[in-house]
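# Here you go, sequence then predicted model.
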Amino acid sequence: MFSLLRSMWLVFLHMFHKRDTYQYPEQKAPLPARWRGRIALTRDPDGDERCVGCYLCAAACPVDCISLQATEDEHGRRYPEFFRINFSRCIFCGFCEEACPTYAIQLLPDFEMAEYDRQNLVYEKHDLLIPSQGKYPGYNYYKIAGLAIKNKDKGEAEQEEPPVDIKSLLP
Amino acid sequence: MPIINIDNIPYEVKEGKNLLEACLSLGLNLPYFCWHPALGSVGACRQCAVKIFKDQEDTRGKLMMACMEPVRDGMRLSVNDSDAVAFRGHVIGWLMTNHPHDCAVCDEGGSCHLQDMTVMTGHAYRDYHFSKRTYRNQQLGPFINHEMNRCIQCYRCVRFYKDFAGGKDLDVFAAHNHVYFGRQQDGTLESEFSGNLVEVCPTGVFTDKTLKQHYTRKWDLTTAPSICQGCGLGCNIIAGERYGSLRQITNRYNGAVNGYFLCDRGRYGYEFVNSKDRIREPLVVHSPDDKANGLPVLQHVRNRMKPGKVIGIGSPRASVESNYVLKELVGADNFYIGIGETEHELVRLMLKLLQEGPVRSASMQEAAAADAVVILGEDLTNTAPMMALSVRQAIRRMPVEHAISSIHMPAWQDAAVREAVQDDKGLLFILNVVETKLDELATGVYHTAPDNIARIAFAVSHLLDGTLPEVTGMSEEGKQAAATIAAALRGAKRPLVIAGYGGGSEQVIRAAANLAWALKQQGADAMLSFTVPECNSMGLEMLGGHRLESAVDAVLNGSAETVLVLENDLYRRLDLHTANQFFNHCREVIVLDHLHNPTTERANIVLPAGTFAEADGTLVNNEGRAQRFLQVFHPQGAIQESWRWLLQLADLCGHTSLRSLLHYDDLLKAIAAQYPVFTSIDTITPPADFRIAGQKIPREPHRYSGRTAMQANVNVSEPKPAEDADTALSFTMEGYRGEPPSSVIPFFWAPGWNSVQSVNKYQVETGGSLHGGNPGKRLLEPNVNGQTKFYTNIPDPFIPVGGHLLLVPLYHIFGSEELSIHTPGIAQRMPAPYIMLHSEDAHRFQVAAGHLLYFMDNGHQYALPVVINDTLQKGAAGIPVGLPHMQVAEAPQLVKI
Ligand code: SF4
Ligand code: SF4
Ligand code: SF4
Ligand code: SF4
Ligand code: FES
């Protein structure tokens, strides 16, 4: 009996509280940074594409809505030739982000993607690529990987010794 | 059979194996790197440690390398012992200290043995935080990509490349923790088997460069069991597709055929499937007054088939099915074998000898077990590359057998056995018109003309069996050669005689058969192997048909007007003049083919035919083994199997028997019923309604990605996946997840084993046959009862004729095959046209290397730059066969210079 009255009293008090309802769309809800919304492809600190076309996000995707083709530039740097997400299938589970070894693919706090035509929910690379590092600033996969690319030769990655001189007889 | 106790469970294992093999054969997971079923053990990687206990009382035990310990009855060991597990984890940890952070950009990823073993040992996080060693890479040519940072020093690459395949230009350099696996300097890897490094190397050091151009992970490929189209050996392959193009060829283990390996023509020759020269839609040439415009293409074909005036030309690179349907459609009387005269005579003779003779045709696996090999008139490395690899194994194995009995070592003790064998080689005799790559291994080499080769072989037969005719008028050298060979062959238990199309001589083939028969008569378990030019040469010959020359006659004399050409470029079969004349006289030419070529240019109607990747079909290899290739993917456009085009045409024409063949299985049954030689052809693979647990076998692995996005740019609503009504396989990832029957394995995968090493899980024992037997059905068995009809006609010796040269064919692994040269890397390694002369002949005709030599053949003048080679028989001239722009001059033949 007491708890019943107490509950009614608390509900009554709420009439005098500040409203929790946002007057969307006039008013936007503040979303936490880890909110799993629209997916973007981010760039590394040098402004280059982060995605290396490793296909891990595509493999992790439970609804198989990511498809891409890897290719590489003349210096051996890998990047996706095309990168497509079919958002009409995406369930925003965030597995792709979790699988990505380069922090390239990230889910952003943005959910305003509604379309009248389903076909418009198919995003290509130029729709996905953003000029930002997203949630993980500072990470540059190619600075750690052993692959040589333009402006980073063998032995120039982090924690790498210069290339072995295989003709050397020194111990 | 010995019983061993693994983790206190007794298992029966096979004698003579090592513990690693025993564990893997039992289906246990034990990590390893340096051991390879075909290469043996060296104990270099320390990855396969297990704990071995002295007896039941021993609780401490000793860590030992499983790959170095033979099985002994009653032995006790533990795979799961905590020390052993920790040790294996540490070993991976050490191997990984210098390993780059590359998986995301590494082509091996997803089919990487190092990844698999890392996960298997549990050492999945790096705990080493210091700097890493780095290397510079090398340019290794168009086939292999090199990324040396990823090496774990297992030595498999050099052991395969040098010891197994006889390559000379890959080695290990430098010292201590700096060892480097590569070439002495940048350059194309010379071995014809270099592509196997991709599969042998457990890491991403050596990867497939053609795959890199359109890189796809293994889990994203739609794959199907297939058969190599590169030569007549029929190696088993897995072909993989993504986004409508063929991406990669990998080995499909077949214990009786190619084992673990492929040659580079087979592995890399696939790119013609994606060529821009592909015919993707039917093409019809209309005359201005043709009112039929807009009709379905087959209606046009039917309209142009004038009853009683239609002939069909088959092809040795089309499947048995396609050739059969064409033969039925036009009638056996009007079906012509689409190959040149010489080739036809040769293959027909080989087939006859294998069917009627008492000696069995050798599979490649049997060839590798021979204890003496005689090669007659054949440059195997270029005409049947994987057979050359088998011969190399035979030569390697023979001294090993002697050594292991004296040093009491099992054959898998690779390093010790190699030490004991040193440079000893088995018995190999090569008789060829010019030097070959295998010469370096041979006990005896004789370079002489085809007729002389036949004479020496006849002489050897006579020496073995005095009742066979003697060869008179032999040169001293010839006599000596015959005596040496005969002496060596006398002790052989499993001698192998190899001959084939490369020599271009019927005499050599007869002599080879005679020799093998004589050996058989002497009680040896002799084997015979004939090489054939194309992937279905044998199948076409079994089906039978008239000579191509009579087709030309039929058209020239007007008894035939419409010609149906099946997957065949007749400009490669007939000389330019004859081919032009032929086409000028045809009223209608209807061609089914994959690529545009000179023949399709002469066609009035072209129908797009599916390649091996887009079709189901059966091929018969040189051994007489019928093998099935299954469609990999559903092609865009109107491409379909030739046999399907022809069946649809037959339906339209109201052909009585072909009309009733509604399904692929019906077609197979019809062939089996009609041709006794093809009796078992319908049982090579399970029928289309075959199901395991009610399910089809998926062509795609369960991790296949992108299904709802790959075509979303075209239409966001996914189309219905293609259905396969012809076979037990499905084009999707849905279906039975377990092990399929051996003949329809689309890919090798097992839990925890993503790389090609997972083939262990599909074998009865490591290196043994697949579960349920190796795929394919042998259609040829020797005729053991009955009198052997030895040949007694001995050819006359070859004598050079003044002013003339004997043209002999020379083959090239990269260049002589029609389709593979559409791979840019193969085209790059193709030689330029030439004519090869002995320096004395060059002197005689007053030409030097690089000069043009002119000669007349059949009223046509040829001009070819001269190459000098003094191992060539004097009076002979070698010309490369099959190179594009190399107009056909039939070889061998005598031409006037
Ligand atoms: S996982 Fe990351 S790097 Fe790999 S393909 Fe996806 S977005 Fe690119
Ligand atoms: S070799 Fe294997 S473990 Fe090493 S980077 Fe490549 S995929 Fe990764
Ligand atoms: S290159 Fe590959 S096969 Fe050769 S030693 Fe290194 S890891 Fe082993
Ligand atoms: S040997 Fe012949 S069948 Fe085997 S892979 Fe090479 S080309 Fe193909
Ligand atoms: S596999 Fe046993 S030591 Fe390498």
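Okay, I see it. Numbering: from 1, shown residues only, chains lettered A, B, ... in the order given. Ligands and ions are numbered 1, 2, ... in the order given.

# could I have the lengthiest helix in chain B exported to CSV, CA atoms only?
For chain B, the helix that runs over the most residues, judged by DSSP state H, is helix B:385-407. Once non-C-alpha atoms are left out, helix B:385-407 reads as follows in CSV (Å, rounded to 0.1, in the frame of the first residue of the first chain):
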residue,chain,number,x,y,z
PRO,B,385,55.5,-30.3,-67.1
MET,B,386,54.2,-32.1,-64.0
MET,B,387,55.3,-35.4,-65.5
ALA,B,388,58.8,-34.0,-65.5
LEU,B,389,58.4,-33.3,-61.8
SER,B,390,57.3,-36.9,-61.3
VAL,B,391,60.4,-38.1,-63.2
ARG,B,392,62.5,-35.8,-60.9
GLN,B,393,61.0,-37.6,-57.9
ALA,B,394,61.7,-41.0,-59.4
ILE,B,395,65.3,-40.0,-59.9
ARG,B,396,65.5,-38.7,-56.4
ARG,B,397,63.8,-41.6,-54.8
MET,B,398,65.9,-44.4,-56.3
PRO,B,399,69.1,-43.7,-54.4
VAL,B,400,67.2,-42.9,-51.3
GLU,B,401,65.9,-46.5,-51.3
HIS,B,402,69.5,-47.8,-51.3
ALA,B,403,70.6,-45.3,-48.7
ILE,B,404,67.9,-45.9,-46.2
SER,B,405,68.5,-49.6,-46.2
SER,B,406,72.2,-49.0,-45.4
ILE,B,407,71.9,-46.2,-42.9
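
# So for that helix, mean pLDDT?
The average pLDDT within helix B:385-407 is 91.

# buried set for that helix?
Neighbour counts over helix B:385-407 (16 or more other C-beta atoms under 10 Å in any protein chain shown) mark B:385-400, B:403-404 as buried. Quick note: C-beta positions are derived from backbone N, CA and C, even for glycine.

# next one: stretch B:158-177
Residues of stretch B:158-177 classed as buried by neighbour count (16+ other C-beta under 10 Å): B:158-162, B:164-167, B:169-170, B:172, B:174.

# can you list the domains in chain B?
B:3-95, B:129-274, B:344-464+B:478-533, B:804-896 (automatic domain parsing).

# how about a markdown table for the ones you listed, with distance to B:Asp575 added?
A markdown table is the format used below for the domains of chain B (distance: least, C-beta to C-beta, whole Å):
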| stretch | distance to B:Asp575 |
| --- | --- |
| domain B:3-95 | 44 |
| domain B:129-274 | 23 |
| domain B:344-464+B:478-533 | 15 |
| domain B:804-896 | 5 |
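
# Nearest to B:Asp724 among those would be which one?
domain B:129-274 (9.6 Å; C-beta to C-beta).

# now the end-to-end length of that closest one.
This stretch, domain B:129-274, spans 45 Å end to end (C-alpha to C-alpha, to the nearest Å).

# cool, and stretch B:209-221?
17 Å.

# how about that stretch, does it reach chain A?
Yes: remark: stretch B:209-221 sits within contact range of chain A at B:Lys212, B:His214, B:Tyr215, B:Thr216, B:Arg217, B:Trp219, B:Asp220, by C-beta under 8 Å from any C-beta of the partner chain.

# State the pair within those residues that is farthest apart.
Going by C-beta to C-beta, the pair spanning these furthest: B:Lys212 and B:Trp219, at 17.0 Å.

# Name the residue in those two with the higher neighbour count.
Using other C-beta atoms under 10 Å in any protein chain shown as the criterion, B:Lys212 and B:Trp219 rank with B:Trp219 on top: 21 against 14.

# From B:Tyr736, how far out is the residue lying closest to the more buried one once chain neighbours are set aside?
Ranked by C-beta to C-beta, 6 or more residues apart in numbering or on different chains and with sequence neighbours excluded, the top spatial neighbour of B:Trp219 is B:Arg703, at 4.0 Å. Applying C-beta to C-beta, to the nearest Å, one obtains 16 Å for the distance of B:Arg703 from B:Tyr736.

# what does B:Leu189 give?
Distance of B:Leu189 to B:Tyr736, computed by C-beta to C-beta: 40 Å.

# higher neighbour count, those two?
Set side by side, B:Leu189 and B:Tyr736 show more neighbours around B:Leu189, with 24 against 16, by other C-beta under 10 Å.

# OK, contacts around the more buried one?
B:Leu140, B:Gly141, B:Phe143, B:Ile144, B:Tyr161, B:Gly167, B:Asp169, B:Leu170, B:Arg183, B:Leu197 (C-beta atoms under 8 Å, 6 or more residues apart in numbering or on different chains).

# quick check, it in a helix?
No: remark: B:Leu189 does not belong to a helix; assigned using DSSP: H, G, I helix; E, B strand; the rest coil, it is coil.

# And the pLDDT for it?
Model confidence at B:Leu189, given as pLDDT, is 97.

# how many neighbours does the residue nearest to it when sequence neighbours are not counted have?
Leaving aside its chain neighbours, B:Leu189 sits nearest to B:Leu140 (5.1 Å; criterion: C-beta to C-beta, 6+ apart). Residues within reach of B:Leu140, counting by other C-beta under 10 Å, total 21.

# B:Leu566 too?
A total of 28 residues lie near B:Leu566 under the criterion other C-beta under 10 Å.

# Ok, B:Glu601 next?
Neighbour tally, B:Glu601, other C-beta under 10 Å: 12.

# quick one: strands adjacent to the helix or strand that contains A:Glu81?
If you go by DSSP states H and E, A:Glu81 is part of strand A:78-86. Within its sheet, strand A:78-86 is paired with strand A:66-72 (antiparallel), strand A:122-123 (antiparallel), according to DSSP bridges.

# What pLDDT does the model give the nearest residue to B:Pro399 once chain neighbours are set aside?
Nearest residue to B:Pro399, sequence neighbours excluded (C-beta to C-beta, 6+ apart): B:Asp424, at 3.7 Å. If you check B:Asp424, the pLDDT there is 87.

# And B:Arg304, by the same measure?
Reported pLDDT for B:Arg304: 89.

# That one against B:Cys586, yeah?
No: taking contacts as C-beta atoms under 8 Å, B:Arg304 lies outside contact range of B:Cys586: 10.8 Å.
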